[in-house]
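need coordinates for the following:
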Amino acid sequence: MSVSKDLLNRALYTIRFLSADAVQAANSGHPGMPMGAASMAYALWMKQLRHNPANPSWPDRDRFILSAGHGSMLLYSLLHLTGYNLSLDDIKEFRQWESKTPGHPECCRTPGVEVTTGPLGQGVSNAVGMAIAEKHLAAVFNMPNHDIIDHYTYAIVSDGDLMEGISYEATSIAGHLGLGKLIFLYDDNRISIDGSTDLTFSDDHKGRFESLGWHFQDVKDGDDIEAITKAIIAAKKDPRPSLIDCHTHIGLGLPTLQDSAESHGAPPGDEELDAAKEKAGWPVQPRFLIPDDVKEHFRESVTRGKNWEAEWVERMEAYAKDHPDLAKELKRRIAGELPDGWETHLPKYDADSKGVATRNPSGDVINALASILPELMGGSADLTPSNKTWIKGSVSFQRDNPEGRNIHFGVREHAMGGIVNGLAAHGGIMPYAATFMMFSDYMRPAVRISALSGHSSIWLFTHDSIGLGEDGPTHQPIEHLASLRAIPELVVIRPNDANEVVEAWKAAILRRDGPTLISMTRQKVPIIDRSKFTSADELHKGAYVLADLGDNDPDIILMATGSEVHLITEAGQKLADEGVAVRLVSFPSWELFKKQSSEYRDSVLPPSVRKRLAVEAGRSLGWHQWVGDQGDIISIDEFGVSAPSDVAFRGFGFTTENVLERARKLLE
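Sure thing, here's the model as predicted:
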């Protein structure tokens, strides 16, 4: 593709000034990064990136992530100019109510945006997840003479991305796994919000990344498109993941703000912007100018993209002739469809008063599903034996075993969360990740992003209460359930026994438009006799009547989640023996319960029954909405202790006797 120097310069000015005009019109945003990184972005998008603006979800497209999400106008400008379904009016609505151009990229709002970025470092780990997905799918589906999965994952990263601890975790595992199709362009402009990065950041980037097993290249002039292009080509030939350090100028072309922190996160101002345009020989008016020949040049991407996809479709047809079963399976996985009868593989458990820790049946379910859902893939943060996440019929995913489905994330909860979101966003993978619930704090940004983005990530958190025992308060989650329930669009499920665990997993598999979190125990809990109590498949309603004990309308409702449900069943039976009409309610998921009709919710928790007792080994926060003004809560609103789990539970009042005492006080 031969481009005159004049057209190339005006194409770059178009990216810079279109971005700056949008920021100025919104009177909000980050103009410096889009202006400084325009050449880097042009070199990638117009010379190396294989994408199809007419079909942003083409399965074998290269993935692009703007991890430096504050520079979102750079991405929006590229999407509009290259022909995605993002109009100039959308650009003019930058950062406005319900626009397709929000302040930071959101994958479900803007065509062509792969993942939601903004919290720095999340995009770095998302990119690693996407590269893992590509490498795994290629190992599973590619056959001799049929490279049907063959694409790269690119990201533009910033100083802030590389400062965040999550980036160290993510780039460490990427180097270990040898993700050779992962390429980062580093917008090394040496400016952060506080000023020069010399204030805080003196890493030896070359030494850092080479020590992590990365290929490193240094481009001294970040405005040299030819040098950047050569570096990308060299990166594609190297078997290691690559970082290309492009030395750029933030706010390039702004007369007084270039290379200053002032150009980072505030509009340049009309006077400064006009002066930059005059200096460049660019018309001051109209704003949002796109010369016709520049637009025509960028829109060549549409034709190239259609041709690339058409060529892939032809290869896919040839592949389907030679490998029809594999082609059918690949199409199913890309479409996110479930195979017929998948749920029939799930285990069922007989009543057992001694019971099992709910983490154990989760491991059973993973292995039962693994044979029918080959897309199921995941692991834990160096806690595989404790979290019960190992797929027994597979091997560990490693650089030389990319067909493996067990991911050893290492002690890297931050990156694990972002990687799993990248796996989910890529497609063709059904990812899960596990750790102790206490360390969900390390993953919270990724869990939140999964909910905001609608990723179908499955989060498995075990050791979910003071039942962790002797490890003490540093490892005992108290406030975590309340905190996680506060995240919109995250479905939190705390199953009460092995059979509810099965149904919780079923709910997670069926939920393809958002994340599901399953909270599980370390300690044993009884397996409920379902011949005497309601079937566990009622879990999908969020809360359900386990049993009504007594012949009359209930005098009191006892409700609980997880490991505390057996306490209300025991206490309820004793109250019933005393002549009290008791309703027992298993309450595994507030979110699922809220999705039910008001009629159903009132049938489980009748407004007329105001004596209600909730029991959960966590903070009381939020339970008042269910117990009402005449109810009570047995909870733990302080940190735990180091003691055997049974001692800890007794000490904090999680006993049948205390449930009885508190219930009787309500009935008085």
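
with adjacent residues omitted, what lies nearest to residue 570?
Distances taken as C-beta to C-beta, 6 or more residues apart in numbering place residue 656 nearest to residue 570, at 4.4 Å, with adjacent residues excluded. Glycine gets a C-beta too; all of them are placed from N, C-alpha and C.

surely the one you found and residue 573 touch.
No - if you go by C-beta atoms under 8 Å, residue 656 and residue 573 don't touch, sitting 9.5 Å apart.

helix or strand for residue 20, just tell me which one.
helix 5-26 (DSSP states H and E).

ok, residue 625 next?
Judged by DSSP H and E, residue 625 forms part of helix 624-627.

so who does residue 225 touch?
8, 39, 42, 43, 47 (C-beta atoms under 8 Å, 6 or more residues apart in numbering).

er, residue 418 I mean
121-126, 128-129, 166, 170, 445-446, 449 are the contacts of residue 418 under C-beta under 8 Å, 6+ apart.

low-confidence stretches in the stretch 301-450 of the chain?
Along the stretch 301-450 of the chain, the model assigns pLDDT under 70 to no residue.

the stretch 101-250 of the chain: strands as residue ranges?
153-158, 182-188, 191-192, 195-196, 215-219, 242-247 (DSSP state E, counting those that start in this stretch).

for residue 303, find the nearest of the ones you listed.
Smallest distance to residue 303 across the strands of the stretch 101-250 of the chain (C-beta to C-beta): 21.2 Å, for strand 153-158.

which residues belonging to the helix holding residue 625 are considered buried?
626, 627 (16 or more other C-beta atoms under 10 Å).

the helix or strand just after it packs against which elements?
Downstream of helix 624-627, the first helix or strand assigned by DSSP H and E is strand 632-634. Counting contacts by 3 or more C-beta pairs under 8 Å, 6 or more residues apart in numbering; DSSP states H and E, strand 632-634 packs against strand 612-615, helix 656-667.

contact partners of strand 632-634?
564, 612-616, 620, 623-624, 627, 653-654, 658-659, 662, 665-666.

recalculate using a threshold of 7 Å.
613, 614, 615, 620, 623, 627, 653, 654, 658, 659, 662, 666 (C-beta atoms under 7 Å, 6 or more residues apart in numbering).

the nearest residue to residue 587 once chain neighbours are set aside and residue 196, how far apart?
Spatial nearest neighbour of residue 587, excluding adjacent residues (C-beta to C-beta, 6+ apart): residue 543 at 4.3 Å. Going from residue 543 to residue 196 by C-beta to C-beta, to the nearest Å gives 55 Å.

rewinding a little: of the contacts of residue 225, which is the most crowded?
residue 43 (26 neighbours; other C-beta atoms under 10 Å).

list the buried ones in the helix holding residue 20?
8, 10-26.

rewinding a little: redo the helices and strands packed on strand 632-634 as JSON lines? Include mean neighbour count and distance to residue 113.
Listed next are those as JSON lines, based on neighbours: other C-beta atoms under 10 Å; distance: least, C-beta to C-beta, whole Å:
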{"stretch": "strand 612-615", "mean neighbour count": "25", "distance to residue 113": "41"}
{"stretch": "helix 656-667", "mean neighbour count": "17", "distance to residue 113": "50"}
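
looking at these, which is closest to residue 325?
The nearest among these, by C-beta to C-beta, is strand 612-615 at 50.7 Å.

now for that closest one, which elements pack on it?
Packing partners of strand 612-615 (3 or more C-beta pairs under 7 Å, 6 or more residues apart in numbering; DSSP states H and E): strand 556-560, helix 624-627, strand 632-634, helix 656-667.

give the rounded mean pLDDT of that strand.
Averaging pLDDT along strand 612-615 yields 98.

need the contact partners of it.
For strand 612-615, with C-beta under 7 Å, 6+ apart as the criterion, the contacting residues are 556-560, 564, 567-568, 623, 626-628, 631-634, 659, 662-663, 666.

now stretch 304-319
Applying C-beta under 7 Å, 6+ apart, the external contacts of stretch 304-319 come out as 50, 51, 52, 53, 54, 55, 58, 60, 146, 148, 327.

residues near the nearest residue to the first one once chain neighbours are set aside, how many?
In space, not counting the residues next to it along the chain, residue 50 is nearest to residue 62; the distance is 4.7 Å by C-beta to C-beta, 6+ apart. Under the neighbour criterion other C-beta under 10 Å, residue 62 is assigned a count of 21.

got a list of what residue 62 touches?
49, 50, 51, 151, 152, 154.

counting neighbours, what do you get for the second one?
Counted with other C-beta under 10 Å, the burial measure for residue 50 works out to 16 neighbours.

for this structure, give me the ranges with low pLDDT.
For the chain, the stretches flagged by pLDDT under 70 are 1.

how about a cut-off of 50?
By pLDDT under 50, the chain has no low-scoring segment.

domains for it, by residue range?
When the chain is parsed with automatic domain parsing, its domains come out as 5-305, 342-527, 538-667.

can you put these in a markdown table and add distance to residue 315?
Listed next are the domains of the chain as a markdown table, based on distance: least, C-beta to C-beta, whole Å:
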| stretch | distance to residue 315 |
| --- | --- |
| domain 5-305 | 6 |
| domain 342-527 | 17 |
| domain 538-667 | 41 |
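
residue 594 and residue 482, how far apart?
Taken as C-beta to C-beta, the span from residue 594 to residue 482 is 15 Å.

with neighbour numbers in mind, choose between these two.
Ranked by neighbour count (other C-beta under 10 Å), residue 594 and residue 482 place residue 482 first, with 17 against 11.

to which secondary structure element is the more buried one assigned?
helix 480-485.

what is the next helix or strand after that helix packed up against?
Counting by DSSP H and E, the next helix or strand C-terminal to helix 480-485 is strand 491-493. When contacts are defined as 3+ C-beta pairs under 7 Å, 6+ apart, strand 491-493 packs onto helix 480-485, strand 516-519, helix 590-594.

buried deepest among these, which one?
Greatest average neighbour count among the helices and strands packed on strand 491-493 goes to strand 516-519 (a mean of 28), per mean count of other C-beta atoms under 10 Å.

partners of the next helix or strand after it, with directions?
Next in sequence after strand 516-519, counting helices and strands by DSSP H and E, comes strand 524-527. Using DSSP bridges, strand 524-527 pairs in its sheet with strand 352-357 (antiparallel).

contacting residues for the residue nearest to residue 570?
The contact partners of residue 656, by C-beta under 7 Å, 6+ apart, come to 567, 570, 571.
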